[in-house]
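# Quick one: sequence plus predicted model below, questions after.
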Amino acid sequence: MPEHYIEGSTVNCVLAFQGYYLPNDDGEFYQFCYVTHKGEIRGASTPFQFRASSPVEELLTMEDEGNSDMLVVTTKAGLLELKIEKTMKEKEELLKLIAVLEKDTTQLREQVGRMERELNHEKERCDQLQAEHKGLVEVSQSLRTENEEFKKRYNDATSKALQLEEDIVSVTHKAIEKETELDSLKDKLRKTQYEREQLECQLKTEKDEKELYKVHLKNTEIENTKLVSEVQTLKNLDGNKESMITHFKEEIGRLQFCLAEKENLQRTFLLTTSSKEDTFLLKEQLRKAEEQVQATRQEIVFLAKELSDAVNVRDKTMADLHTARLENEKVKKQLADAVAELKLNAVKKDQEKSDTLEHELRREVEDLKLRLQMAADHYKEKFKECQRLQKQINKLSDQSANSTSVLTKKIGNQQKVNDASINTDPATTASNIDVKPSTAETDSDIVTKGQVCEMTKEIADKTEKYNKCKQLLQDEKTKCNKYADELAKMELKWKEQVEIAENIKLALAEVEDNYKLQLAEKDKEINGLTTHLEKLSGEKELKMSLENQAERKTEGPNSQSPRKISQRLSTCSEQNGHVAAVPNVQPVLQYGNPYATQETRDGADGAFYPDEIQRPPVRVPSWGVEDNVVCSQPARNLSRPDGLEDPEDSKEDEHVPTAPDPPSEHLRGHGTGFCFDSSFDVHKKCPLCELMFPPNYDQSKFEEHVESHWKVCPMCSEQFPPDYDQQGFERELVKWIIKNQENRGTQN
């Protein structure tokens, strides 16, 4: 191994052997082997021999072809033989390539000859096609000239026909446009009238709604004034009660002074034994003092009743305020619904109008197309009749001209004959002259005159019809102008009505905003009144608590301790069938349902958030001691569900002593007769999610809600807190499943 060798790396090494270590020329082959330090062979070189050098052979060194980085020593003759063999092999391969290339060249020459023959044939065909093409070009030019002449003739004829048709179509279009304008104007008039009626109906309904809202506002204002007056009366009652309280405080001080005198008298009576008269006087004084104390107690009870009545009135006012708020919210919702319905109705009406307009326009377009087609057909027929009559007139005029020329010739010939035969027989000649022209006139003139009369009549009829059509067109133009003026006036009126409607809408929006502002102000006033009432109730409760403390102090040694009073009251309540009071703090639950839904909760279970529902303030309970009533709240059941109790836990629970219920803080003032502690909360509150429940909510459902926050193992019924790790809970489940499987395997 070389020095400083690192495993897994490549190293270049050079080995030098001494001459006496190498073998002689023994004719055997040798190899270099690569051996690891463990003796494993990892590689070997090509075999070689050691031979003595001869003067004939020259030795050469060359690299091994196996990429083993070794130098091989060979003779020059062997090297030349190897080169000769390689060159011979290359020569044979080249000869084979030459033979293949010669075959390819012969094939290519044959292909070239064949392609040249095809090229000559294609040239001949091309010359023939060019000659044919020249002939066809000449024929096409001649045909083009003829086609152009025909096109010119056709264009002239079509231009004339198109001009005539355009004239016909323009006249018919004008007539139809006037009719369509009239129809559209009539439709617009109807639509504007209908929209006007609708807008008037909407205005009426909006005015009625506005009046209703005004009446509702007045009613709410009246109710608010009533509530304010009731609050003022309550304030006055509070003032009267405060004056009465001060008066009773003075009487309490006087009674305390009397009691002190009574105690002094008792002490003096014990110290000095006086006569019987003194004892009689002292007894009378004691009786009077006791009567005064009883009278004060009765007055205090009466005042407490009055205070409870005032609290009831306050609760009623708060409930009325709450109902008023709910009514205000309902009115707001009704307003929003009404506005949304109005918008939806307007959108629906616009859609219906657009649909009806499209349907009517399509129908009118179809009618106009039919009218145009009918007018074009009628015009073509009339035009053909006019051409036919014109041709007849031309023929008749030609015939009349020919007949007149023939008559003139005959008359000239007859005059010559008459001049020649005047001398022979004047009477016969005269008769002949008279007869011949009359016969000629009867043959030709009668026919021509009849035809001319008929043609003149037809022409007169056509001219009359033309004049009538012109008159009708002028009348229609005047009517169209009148309708256009009326339409412009109606559009102006419609725009004015639209502006009026928009102004009314803006006014309604302003009224709604004002109404909303008034409602907000009323809500603020109601909130202020409620806060003020709550402050007053808190002050009252503080005053009553101070009075109770003062009365406790005045009672002195005759008063009992709060613990004894609470014990006596608890015994009385147990005899009457009541349950002892429980602290307000809810105990922490040990069991729960891990599969109950915690996030999604509807209002069916009676739970509500205090911020979401505006409720009147809860009346503070006034418990009378003389009635032997204790403010009780049912305690939650801390037992496990049925069928899941552990016997060990139950045994341990039997030995653990139950802690007595702490005395209720609301029942310490036995001598006062009533309890006014504002810290007493009747509502139930979940200790985990802080949900509020009403006081009359079912205790079992409340416990189910609280237990739904806990996780319960379905196998061992063990409970885990809500923040328990989910992976640990799953591990417990897996353990119980494995135990059950093992138990089943052992049973089997």
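Yep, it's here. Model, not experiment: these values are computed from the prediction.
# which residue ranges form the helices in this protein?
Applying DSSP state H to the chain gives helices spanning 76-271, 276-420, 426-440, 446-555, 562-575, 647-655, 699-707, 726-747.
# Quick one: mean pLDDT over the fifth one.
Regarding helix 562-575, the rounded mean pLDDT is 41.
# do the third one as well
For helix 426-440, the mean per-residue pLDDT is 43.
# Quickly note the distance from the residue nearest to the spatial centre of the chain to Val331.
With distances taken as CA atoms, centre = their mean, Ala340 lies nearest the centre of the chain, 17.3 Å away. For Ala340, the distance to Val331 equals 15 Å [CB to CB, to the nearest Å]. Bear in mind the C-beta positions are built from the backbone N, C-alpha and C, glycine included.
# count of neighbours near Asn24?
Using other CB atoms under 10 Å, Asn24 has 8 neighbouring residues.
# Thought Gln49 was touching it, still the case?
No. Contact criterion CB atoms under 8 Å: Asn24 and Gln49 do not qualify, at 10.9 Å.
# Excluding residues flanking it in the chain, which one is nearest Phe693?
Of all residues beyond its chain neighbours, the one nearest Phe693 is Lys684 (4.1 Å), with distances taken as CB to CB, 6 or more residues apart in numbering.
# which residues sit in contact with the one you found?
586, 692-695, 697, 702 (CB atoms under 8 Å, 6 or more residues apart in numbering).
# So among these, which ones count as buried?
Buried by 16 or more other CB atoms under 10 Å: 586, 692-693, 697, 702, out of those.
# Check those and tell me the two furthest apart.
Within those, Gln586 and Tyr697 form the most distant pair, 13.0 Å apart (CB to CB).
# where's Lys288 relative to Thr180, distance?
On the measure of CB to CB, Lys288 and Thr180 end up 115 Å apart.
# Val706 too?
Counting by CB to CB, the gap from Val706 to Thr180 is 80 Å.
# more neighbours, these two?
Val706 (22 against 17).
# Reformat the helices of the chain as JSON lines; add distance to Arg42.
Listed next are the helices of the chain as JSON lines, based on distance: least, CB to CB, whole Å:
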{"stretch": "helix 76-271", "distance to Arg42": "30"}
{"stretch": "helix 276-420", "distance to Arg42": "92"}
{"stretch": "helix 426-440", "distance to Arg42": "152"}
{"stretch": "helix 446-555", "distance to Arg42": "97"}
{"stretch": "helix 562-575", "distance to Arg42": "100"}
{"stretch": "helix 647-655", "distance to Arg42": "73"}
{"stretch": "helix 699-707", "distance to Arg42": "76"}
{"stretch": "helix 726-747", "distance to Arg42": "53"}
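# Least confident of the contacts of Lys684?
Gln586 (41).
# circling back: of the buried ones among the contacts of Lys684, which is the nearest to Glu149?
Among the buried ones among the contacts of Lys684, and counting by CB to CB, the member closest to Glu149 is Met692, at 105.3 Å.
# how deep is Leu203 tucked in, by neighbour count?
Around Leu203 there are 15 residues (other CB under 10 Å).
# Per-residue pLDDT of Arg117, please?
At Arg117, pLDDT is 91.
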